[in-house]
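Asker: Quick one, what's the 3D model for this:
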Amino acid sequence: MASETTEETRPPPSFKGRLQLESFMYNGSGLRRSPRLSGALSYSAPPTPSAAQPNLPSKRKEPPSRNSQDGASDGDGNGTSSSSSASNSQAKRKRVRQPSSYAPPSTYAHLPPLPDSLGPNLLVLFVGLNPGIETARSGHAYAHPTNLFWRLLYSSGVTPRLCSPTEDRQMPALYSLGLTNIVSRPSRNGAELSKQEMDAGVDILEKKTRIWRPEVVCIVGKSIWESIWRVKHGKAIKPAEFRYGWQDETENMGVVGPQGQKEEEKEEGVEYSPDWKGARVFVATSTSGLAATLKPKEKEAIWKELGDWVVKRRAERVAAADRS
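Answerer: Residues are numbered from 1 along each chain as shown. Next comes the predicted model:
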């Protein structure tokens, strides 16, 4: 009965009573926690990968080692770095063909030397770089199938027909054309020669020109003319100074002054008369199949300039012979 009395005396619920509960609700002013735990309970969730990241200062990176900078080589052509996987991937990306390096004369000492094709009254003396492997093996000038020398002689008009490498010894007698090289030893390519031996060949070339006195010396390749210029002028030729075709008379080769020939040449038993203005110089393109700087049409145009002169000069010689 006591419980019934209590139920009867308790005031009935009302809307006002519900409003009084608001004083006990969380109003967002902060959690009520112990000061001792306030620092330990603070926590912020890590950002999700898709969330935008604020501009935070990046951590200082360790500098790379000296061997790994710019993909430096360790001597075997492989990049060296602190990470082997990064090194391997970098080596694959930067793997390129290494250029050929200098090869001493002993490398191809088993190959026979290539003799010059020289004679009197030459219209043109052609000066090549040096014999290639195929040329040295065959014993004939410009013998490699990809070399354009004999084809350019014909297409330019220097020779009236297409000649074969096996006719190289007959060129002085047939068409008053001579053949020699600035370096006599064979090699696989020009990169296996040194500048020193190319420069040393200039004096030998000058002597051959003084002895045989061709009307024109044709330099077959830019690098040969660069060596000749370097020796004659004591410095490298500038890009603005180089040009294919006829050179100034001041660049004539084999010039003999009024004083006559050099004493060392007299001692070698070589004799020739003084006062010769030298041979004119014509710089032609390389005929090697590896030389791709100029297009075929550009090469043909340069060689045609020499061919036109040869055709005209050969006709003048024939006319002079007929008159005599």
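Asker: can we go C-alpha only for contacts and neighbour counts from here?
Answerer: Noted.
Asker: If you tally nearby residues, what's the number for residue 145?
Answerer: By other C-alpha atoms under 10 Å, 11 other residues sit near residue 145.
Asker: Which strands or helices does the longest helix belonging to the chain pack on?
Answerer: Secondary structure of the chain per DSSP state H: the longest helix is helix 296-323. Judged by 3 or more C-alpha pairs under 8 Å, 6 or more residues apart in numbering; DSSP states H and E, the packing partners of helix 296-323 are helix 149-156, strand 245-246, strand 280-284.
Asker: Quick one: closest of these to residue 255.
Answerer: The minimum distance between residue 255 and the helices and strands packed on helix 296-323 falls on strand 280-284, with 10.0 Å, by C-alpha to C-alpha.
Asker: List the contacts of that closest one.
Answerer: Contacts of strand 280-284 with the rest of the structure, by C-alpha atoms under 8 Å, 6 or more residues apart in numbering, involve 215-222, 225, 243-249, 251-253, 302-303, 306.
Asker: Note down every partner strand of that strand and its orientation.
Answerer: strand 216-220 (parallel), strand 245-246 (antiparallel) (DSSP bridges).
Asker: And the ones you listed: which comes nearest residue 312?
Answerer: Closest among those, using C-alpha to C-alpha: strand 216-220, at 13.5 Å.
Asker: Send over the closest one as PDB, restricted to the C-alpha atoms.
Answerer: Extracted as PDB, the C-alpha positions of strand 216-220 are listed here (Å, rounded to 0.1, in the frame of the first residue of the first chain):
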ATOM      1  CA  VAL A 216      95.100  20.000-106.700                       C
ATOM      2  CA  VAL A 217      95.100  18.200-103.400                       C
ATOM      3  CA  CYS A 218      91.700  16.900-102.500                       C
ATOM      4  CA  ILE A 219      91.100  16.400 -98.800                       C
ATOM      5  CA  VAL A 220      88.600  13.500 -98.400                       C
END
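Asker: Report the buried residues of that strand.
Answerer: By 16 or more other C-alpha atoms under 10 Å, the buried positions in strand 216-220 come out as 216, 217, 218, 219, 220.
Asker: Show me what counts as buried in the helix or strand that it is followed by.
Answerer: Using DSSP states H and E, the helix or strand that follows strand 216-220 towards the C-terminus is helix 222-233. The neighbour-count check on helix 222-233 (16+ other C-alpha under 10 Å) flags 222, 223, 224, 225, 226, 227, 228, 229, 230, 231 as buried.
Asker: Helix 222-233 - what's its average pLDDT?
Answerer: The pLDDT scores in helix 222-233 average 97.
Asker: Stretch 245-256 too?
Answerer: 96.
Asker: What lies in contact with that stretch?
Answerer: Under C-alpha under 8 Å, 6+ apart, the answer for stretch 245-256 is 206-210, 213, 217, 274-284, 302, 305-306.
Asker: redo that, cut-off 7 Å
Answerer: Contacts with stretch 245-256, where a contact means C-alpha atoms under 7 Å, 6 or more residues apart in numbering, come from 206-207, 209-210, 274-284, 302.
Asker: Which stretches in this protein count as helices?
Answerer: 2-9, 15-19, 84-93, 133-138, 149-156, 171-175, 195-212, 222-233, 263-267, 296-323.
Asker: quick one: residue 296 from residue 161, how far?
Answerer: Distance, residue 296 to residue 161, using C-alpha to C-alpha, to the nearest Å: 19 Å.
Asker: Ok, residue 193 next?
Answerer: The span separating residue 193 from residue 161 equals 33 Å under the rule C-alpha to C-alpha.
Asker: try residue 320
Answerer: On the measure of C-alpha to C-alpha, residue 320 and residue 161 end up 23 Å apart.
Asker: go on, residue 196?
Answerer: From residue 196 to residue 161 the distance is 38 Å (C-alpha to C-alpha).
Asker: Show me which of the two is the more surrounded one.
Answerer: Between residue 196 and residue 161, counted using other C-alpha under 10 Å, the more crowded position is residue 161 (12 against 9).
Asker: among the helices and strands packed on helix 296-323, which is the most enclosed?
Answerer: strand 280-284 (a mean of 24; mean count of other C-alpha atoms under 10 Å).
Asker: That strand to helix 222-233, inter-axis angle?
Answerer: 140 degrees (axes from the mean of the first three to the mean of the last three C-alpha atoms, to 10 degrees).
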